[in-house]
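1. build me a model:
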Amino acid sequence: MENKFLYYLKPILRVVLFIFFIFLWSVPFSIIFQFEIFKFSNNLFSQLIFEAAAILIVIGALLMIFHIYPNRNFSTIFIKMNTLIPFLKGSIIGFLLILLCATIMYFLNSVQFTATRILPLNIAGYLLFFILVGVFEEFTFRSFPLVVFAERYLIPVTVLSNGILFGLIHFTNPGFSALAMINITLCGILFSIITLQKGNIWWAVGIHFAWNFTQGNLLGFKVSGLAQSGLLAAKPIGNPMFSGGTFGIEGSAICTIILLIYIIWLLFKEKIMPVKEIEAV
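-> Numbers count the residues shown, from 1 in each chain. So this is what the prediction gives:
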């Protein structure tokens, strides 16, 4: 009979191995970008290239994990072929969540909006950029790490730890605060719950994409503290606790309340099905 300590340690070791593979795959890409083997004059185009490279890195890491654990494949970690409809449904959810936050902030006089001039081509470019961001971050957090934790640990422990790790990677972003950490963690928890409920990662990719794109490029807020060009420009006013300050909507207590309400509603609406043990270990 397997030692109980080792039984619960294995998922952590596997995730560490997955992170190591990500680091391993990032080395050649880092050399290419650091030595400017390819030069990109357009900043948006550079961002698109970097995000596409990041996706290749995490896919490479997943393929290495699949080689070590042959019973794993893309379908066993919720990355399924039926992508479009889940992605579109998730995008609608992300759009409505951010729009609701922004509307409440507007009526509480916590933000002012002004129209801007931005080229439609740039909006299309940022739309693609945030799709790539959603794919990269969800493949990194809500794929292999989420599944191996959900198999062995209690679901609350799994989604909370996944959310906290997701929050911590934003620690160095401009304007990061305790409230921002709470909200980014709640986002990670939301993405984890909906992925486990649906058994399909593309719901989370859609929410993630629309959340960022609507917040930054439609409404003009900063996205996790990073400035974006949008159809509107959002200027926070009043108490940063409600306006989000320099971090954007994710730094606002309004965002906290909306996320909590939606997460609680999700949990009452649909149970999380237990992840079956795929490996006989």
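2. what is the end-to-end distance of stretch 248-255?
-> With Cα to Cα, to the nearest Å applied, stretch 248-255 spans 10 Å between its terminal residues.
3. do you have the strands of this structure handy? List them.
-> 111-115, 232-236 (DSSP state E).
4. out of these, which comes closest to residue 87?
-> The minimum distance between residue 87 and the strands of the chain falls on strand 232-236, with 24.8 Å, by Cβ to Cβ. Every residue, glycine included, has its C-beta placed from N, CA and C.
5. give the pairing partners of the closest one; include direction for each.
-> strand 111-115 (antiparallel) (DSSP bridges).
6. how about the partner strand: buried residues?
-> 111, 113 (16 or more other Cβ atoms under 10 Å).
7. gap between it and the chain center?
-> The chain centroid and the centroid of strand 111-115 are separated by 26 Å under Cα atoms, centre = their mean, to the nearest Å.
8. likewise stretch 57-64?
-> With Cα atoms, centre = their mean, you get 18 Å for stretch 57-64.
9. buried residues in that stretch?
-> Result for stretch 57-64 [16+ other Cβ under 10 Å]: buried residues 57-62, 64.
10. how about stretch 150-168?
-> So stretch 150-168, judged by 16+ other Cβ under 10 Å, has buried residues 150-153, 155, 158-163, 166-167.
11. dump those residues into CSV; add distance to residue 107 and pLDDT as well.
-> Output for the buried residues of stretch 150-168, formatted as CSV (distance: Cβ to Cβ, whole Å; pLDDT from 0 to 100):
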residue, distance to residue 107, pLDDT
150, 39, 95
151, 45, 91
152, 45, 92
153, 41, 94
155, 36, 95
158, 37, 96
159, 32, 97
160, 32, 97
161, 36, 97
162, 33, 97
163, 29, 98
166, 30, 97
167, 28, 96
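12. output the below-cut-off pLDDT ranges for this structure.
-> By pLDDT under 70, the low-scoring segments of the chain are 1-2, 36-42, 273-274, 276-281.
13. tell me which stretches of the chain form helices.
-> Shown for the chain, the helices assigned by DSSP state H span residues 4-34, 43-68, 84-107, 120-141, 144-152, 155-168, 178-198, 202-213, 240-243, 253-269.
14. tell me which of those is the most buried.
-> helix 202-213 (a mean of 27; mean count of other Cβ atoms under 10 Å).
15. okay, the angle between that one and helix 144-152?
-> For helix 202-213 against helix 144-152, the angle by axes from the mean of the first three to the mean of the last three Cα atoms, to 10 degrees is 130 degrees.
16. which residues are in contact with helix 202-213?
-> 80, 82-83, 86-95, 97-98, 126-127, 130-131, 133-135, 137-138, 142, 187, 190-192, 194-195, 223 (Cβ atoms under 8 Å, 6 or more residues apart in numbering).
17. now residue 250. Nearest residue, chain neighbours left out?
-> Once flanking residues are discounted, residue 250 sits nearest to residue 183: 4.6 Å by Cβ to Cβ, 6 or more residues apart in numbering.
18. who's in contact with that neighbour?
-> Residue 183 neighbours (Cβ under 8 Å, 6+ apart): 250-252, 255-256, 259.
19. tell me the one among these nearest to residue 20.
-> Nearest member of these to residue 20, counting by Cβ to Cβ, is residue 250, at 29.5 Å.
20. which ones are touching residue 242?
-> With the criterion set at Cβ under 8 Å, 6+ apart, residue 242 makes contact with 105, 108, 110, 252-254.
21. kind regards, and thank you for your time.
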